[in-house]
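A.B. asks: no sequence for this one, just the structure:
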DNA sequence: CCTCCTCGTGGAATCGATTACATCCGCTGT
DNA sequence: ACAGCGGATGTAATCGATTCCACGAGGAGG
């Protein structure tokens, strides 16, 4: 593959000049520029990003480590991130942690080895040493959706609190009093936060949140099913089930249908995270939407 | 950040020795190895992948350009690819073409600039000049799911033909005679291929495939809805609708439900590509499954 | 007419690794 | 005892770009 030297030779100038043309730097004569451009065209030359990165100390690449690619919420997130990054001339390398701390660590490590310019993470657990160290070392870093308490890193997230409050108000207005929640893993901030918000919102109406109405899920569909089965088996099942994420909501839907119950006549179903798929389920699941648009 | 020189200094050896230890090359004395390892540990040294790549001419990175990240089929594909690659010590950079040739081209270009070791593509269109050139230049390359006719690049795909045949046989056995298809874009090979396979399978039973029963979709949910609306508006609507991909099947499902029809009593619905989501739709869509497992 | 600036350009150092080649040292075989 | 060999290690070239610095030419100002 042709290198900058070949271009220089072809154009009859020095490599310095070629580089200057390519980065439209300082002063280059019109004729020189023309000849270089012609040579580039003729040889089909493309600059080697690896060499460039080594010299300039920047890769124009962002790392994004998400907890689960198969979760539409994160897929959508990844798409948005890539879109914005591309507009700014950056690339994004996506790492899928699959909710596994060891995988998360692996990705953070390789991304750091590649000297990415910045790291976006939605932490699966409390934070691996590698990540904490990176944060301390000053690697540009942002947490998305989830975060690690006590670590001084900016967080991008949608505040679920008010949305949850609105939801509970709505349900209360419909006359529902027995509300249950399928919670996320306690290791994640969003897992805990949504339960807290839910309990708080219920409290505002003087409603209790009995332990039996808190099911432990893991953000996967299966756990939603399992927990819902448990709810339905109670002597006094909840009137509404609130799932802390979309995947668990789908699982809940399955369980409800397996019991021959109908939504919303027999039991209510609500979810955090809206995804395009919900409109295809029957009936559509009520959801709290979170946008990924460019904020203004 | 500490470099190999710092490690060498700390360990009291030359950079060459450090490099040898790190790549467990040739002969290094036990003591030297020990001291180097200690120094690495002490400094928290991590080799710079960029510099390494420049020197060795390999990035241990694969590029994967897919047509639509939001399509679960491709998401799943990406996950599998990454998994296998990781096991072999490779990373994967995913590019989302969003069914847009220009985006596809952009990603192929930047991936090539980054000197990836290999490229996996599921082409959106007939193939951009950049890709054809890369193929000709001998870039290790593989097409997945879709391909470009006439280009000498290995293709990985599941042969839909027999699956489609089986499906048609099944439907014929149930007594259905009027079968329609929602096709994919004609620019993609899979788009055309599935229609051909369908027509051929029908032909084996002496069934026709009238033009009115071929709807042009674009692999997106909306087009599935639109096409299905069309089918339902016909004087003699089909008994079964076959969607060439999962997203269009979901659209079709919506349209069917919007008309107050039930599946499969009133109309049959089948789809290429199985995805976990189908089990959550009501009723579950019949689908042709395609695995991504490691082949043995 | 001479000095001084500016503009365009090339030479060479540099980024952080890998690796060919040279060197040195201690053994072994005769 | 000495040639020769092989193991351990260091020196320096190299990968393909960017960029600092020096240098020559030409124009402006005194």
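C.D. replies: Cool, got the structure. Nothing here was measured: the structure is a model prediction, and the numbers come from that model.

A.B. asks: now the strands: where do they sit in chain A?
C.D. replies: Using DSSP state E, the strands of chain A run over residues A:61-66, A:91-96, A:118-121, A:141-144, A:155-156, A:179-183, A:214-216, A:240-243, A:268-272, A:286-288.

A.B. asks: And those strands, which one averages the lowest pLDDT?
C.D. replies: Lowest mean pLDDT within the strands of chain A: strand A:286-288, a mean of 73.

A.B. asks: What strands flank that one, and is each parallel or antiparallel?
C.D. replies: When pairing is defined by DSSP bridges, strand A:286-288 lines up against strand A:268-272 (parallel).

A.B. asks: Give me the residues contacting the partner strand.
C.D. replies: Identification of contacts with strand A:268-272 by C-beta atoms under 8 Å, 6 or more residues apart in numbering or on different chains yields A:160, A:163-164, A:167, A:171, A:174, A:176, A:194, A:239-246, A:248-249, A:252-253, A:256, A:263, A:278, A:285-288. Using the backbone N, CA and C atoms, a C-beta is placed for each residue, glycine as well.

A.B. asks: Quick check: residue A:214 touching residue A:194?
C.D. replies: No - if you go by C-beta atoms under 8 Å, residue A:214 and residue A:194 don't touch, sitting 11.0 Å apart.

A.B. asks: of these two, who's got more company?
C.D. replies: Shown here are residue A:214 and residue A:194; by other C-beta atoms under 10 Å in any protein chain shown, residue A:194 has more neighbours (25 against 15).

A.B. asks: what does the stretch 51-200 of chain A put close to DNA strand D?
C.D. replies: By the rule C-beta under 7 Å from any atom of the strand, the part of the stretch 51-200 of chain A lying against DNA strand D is A:51-52, A:54-56.

A.B. asks: Among the residues you listed, which ones are in helices?
C.D. replies: Of the positions in these, A:51-52, A:54-56 sit in helices, assigned by DSSP state H.

A.B. asks: For the residues you listed, which two are the farthest from each other?
C.D. replies: The most widely separated members of these are A:51 and A:56, with 9.5 Å between them, by C-beta to C-beta.

A.B. asks: In terms of neighbours, single out the busier of those two.
C.D. replies: Neighbour count, other C-beta under 10 Å: between residue A:51 and residue A:56, residue A:51 has more, with 16 against 10.

A.B. asks: Need the pLDDT of the more buried one.
C.D. replies: pLDDT at residue A:51 comes out at 97.

A.B. asks: again, but for the one 4 residues further on
C.D. replies: According to the per-residue confidence, residue A:55 scores 96 in pLDDT.

A.B. asks: how close does it get to residue A:49?
C.D. replies: 11 Å (C-beta to C-beta, to the nearest Å).

A.B. asks: Those two: who's more crowded?
C.D. replies: When neighbours are counted by other C-beta under 10 Å, residue A:55 and residue A:49 differ, and residue A:49 comes out ahead with 21 against 11.

A.B. asks: In the stretch 151-296 of chain A, what residue comes closest to DNA strand C?
C.D. replies: Per C-beta to the nearest atom of the strand, residue A:153 is where the stretch 151-296 of chain A lies closest to DNA strand C, at 24.2 Å.

A.B. asks: That residue - how many residues pack around it?
C.D. replies: For residue A:153, using other C-beta under 10 Å, the count is 20.
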